[in-house]
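Provided below for reference: sequence and predicted model.
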Amino acid sequence: MAIKQLTIPMFPLGMLLLPGETKMLHIFEEKYKQLVSDCLANQAHFGIPYSTNKRFGDFGIEVKINSVVKSYENGEFDILVEGVRIFKLLEYSTVLSPKLYGAGVVALLKEIKETPSVKLQEMIKEYLWLTQQNTIPIDAYDHATVYHIARLLDLSYAEKYELIKLPTVIEKESYVIQKIRLFSFILNAENNLKSKFVLN
């Protein structure tokens, strides 16, 4: 459910972050150097609409700049961004005159605050054990969200997009559970195959 509409600067990329997920970006195009400079000066966020094959999807992620890792003499940046909130893209303009970069009208979606179901919590704990990520405290995700748990999986950008566009938390949980089952099946198959080679 949308809770707010606003216009934000846009940086179209063929990638997608989940809320809380971070990513390093190297900024080299003039219009995006200007975008980053403006966001830093105004402590503003920008949007990354998910795009594939030069087409925009209906959804994207609002991101904030956590830090400038490196500034170059030619005005380029290495920045660390963090996903903040999912949005639905309503309108997009390639240029927001007099700026060089574009902007979009978005509807910010309601943040997910629900605790994951017991079933999903148990499944992610088993998956972490299977992948030997057992250095993570066993109760670390008891009060997380479905997005926190999804970040533990090696989801492709397309899979993340399928997840965020699902309308309800129940549907999102179901999707993540399906992925955990699939990844666990693949890992078990790989482990069984390795053990057979060792035995032979």
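Here it is on my side, so go on.

am I right that Lys160 is in a helix?
Yes: assessed with DSSP: H, G, I helix; E, B strand; the rest coil, Lys160 lies in a helix.

each with direction, which strands does the helix or strand harbouring His26 pair with?
For His26, the element it lies in under DSSP states H and E is strand 22-27. Counting by DSSP bridges, the strands paired with strand 22-27 are strand 77-93 (antiparallel).

who does the residue nearest to Glu21 when sequence neighbours are not counted form a beta bridge with?
Leaving aside its sequence neighbours, Glu21 sits nearest to Gly83 (Cβ to Cβ, 6 or more residues apart in numbering; 4.8 Å). For every residue, glycine as well, the C-beta is placed using N, CA and C. On the basis of DSSP bridges, Gly83 is bridged to Val63.

Gly83 reaches His45, doesn't it?
No: proximity of Gly83 to His45 does not meet the contact threshold set by Cβ atoms under 8 Å, at 10.3 Å.

okay, these two: which has more neighbours?
Gly83 (23 against 18; other Cβ atoms under 10 Å).

tell me how far the more buried one lies from Lys125.
Per Cβ to Cβ, to the nearest Å, Gly83 is found 24 Å from Lys125.

same deal with Ser97?
Here the criterion is Cβ to Cβ. By it, Ser97 lies 52 Å from Lys125.

more neighbours, the two?
Lys125 (17 against 6).

so the more buried one sits in a helix?
Yes: membership of Lys125 in a helix is supported by three-state DSSP.

distance check, it against Val69.
33 Å.

same check on Glu190?
35 Å.

go on, Glu29?
With distances taken as Cβ to Cβ, Glu29 is found 18 Å from Val69.

on that earlier part again, how about residues contacting the strand holding His26?
15, 17, 33, 35-36, 66, 69, 76-83 (Cβ atoms under 8 Å, 6 or more residues apart in numbering).

run the last query once more with 10 Å
Strand 22-27 has contacts (Cβ atoms under 10 Å, 6 or more residues apart in numbering) with 11, 13, 15-17, 32-37, 48, 63, 65-72, 75-83, 151.
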